[in-house]
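1. just the structure for this:
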Amino acid sequence: MSVTIYTDGAASGNPGPGGYGVVMESGKHRKELWEGFRNTTNNRMELLAVIVGLETLKFPGTEVTVVSDSKYVVDAVEKGWVFQWERKGFAKKKNPDLWKRFLVVYRKHKVRFHWVRGHNGHPQNELCDQLAVAASKQAVLQVDVAYESGEAGLFEE
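-> Below you'll find the model as predicted:
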């Protein structure tokens, strides 16, 4: 079985209210996920979208293509930066809480990444953006506890 996970994140003000959007497709099956947070950053939402998509998968070893417009996320994985950060204990790196969570679920599957230019007419990317922005504007928003407590890193964007 193979799954394509399209993701996007948004934050108004950066930091500010934010959200993520995920569209998962496998054959004729499709699932949409989204959630909003009262105070967060765009990069946290981009990464959280990928994490939530991967955590939603039911079967270990699933072949996954993650399609994202986030150079932050795609380059960190595809260029191997996150593995170097991990070896160094994420010293002076942003979002270690999310990167650690990502690595756990990433290692359960066969994941590859594909970067697409944002706001460029890619249907699923546009939908993810709409979901992320709408999630960030909900009346009731979640608390990004790690970000608001400062545990997300002293060097937050």
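2. look up how far Trp85 lies from Lys92.
-> To Trp85, Lys92 is 9 Å away according to C-beta to C-beta, to the nearest Å. Where you see a C-beta, it was placed from the backbone N, CA and C, and this is true even at glycine.
3. Phe90 in helix, strand or coil?
-> coil (DSSP: H, G, I helix; E, B strand; the rest coil).
4. who does the helix or strand harbouring Gln130 touch, helix- and strand-wise?
-> In the assignment (DSSP states H and E), Gln130 maps to helix 123-136. Where contact means 3 or more C-beta pairs under 8 Å, 6 or more residues apart in numbering; DSSP states H and E, helix 123-136 is packed against strand 2-11, strand 16-26, strand 29-40, helix 42-56.
5. tell me the mean pLDDT for that helix?
-> When pLDDT is averaged along helix 123-136, the result is 97.
6. next one: that helix to chain centre, how far?
-> 12 Å (C-alpha atoms, centre = their mean, to the nearest Å).
7. for it, list every residue counted as buried.
-> Residues 124-129, 131-133, 135-136 are the ones in helix 123-136 that count as buried (16 or more other C-beta atoms under 10 Å).
8. and the residues you listed as TSV, adding distance to Gly13?
-> Output for the buried residues of helix 123-136, formatted as TSV (distance: C-beta to C-beta, whole Å):
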residue	distance to Gly13
Gln124	26
Asn125	22
Glu126	22
Leu127	23
Cys128	20
Asp129	17
Leu131	19
Ala132	14
Val133	13
Ala135	15
Ser136	10
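9. alright, I will stop here.
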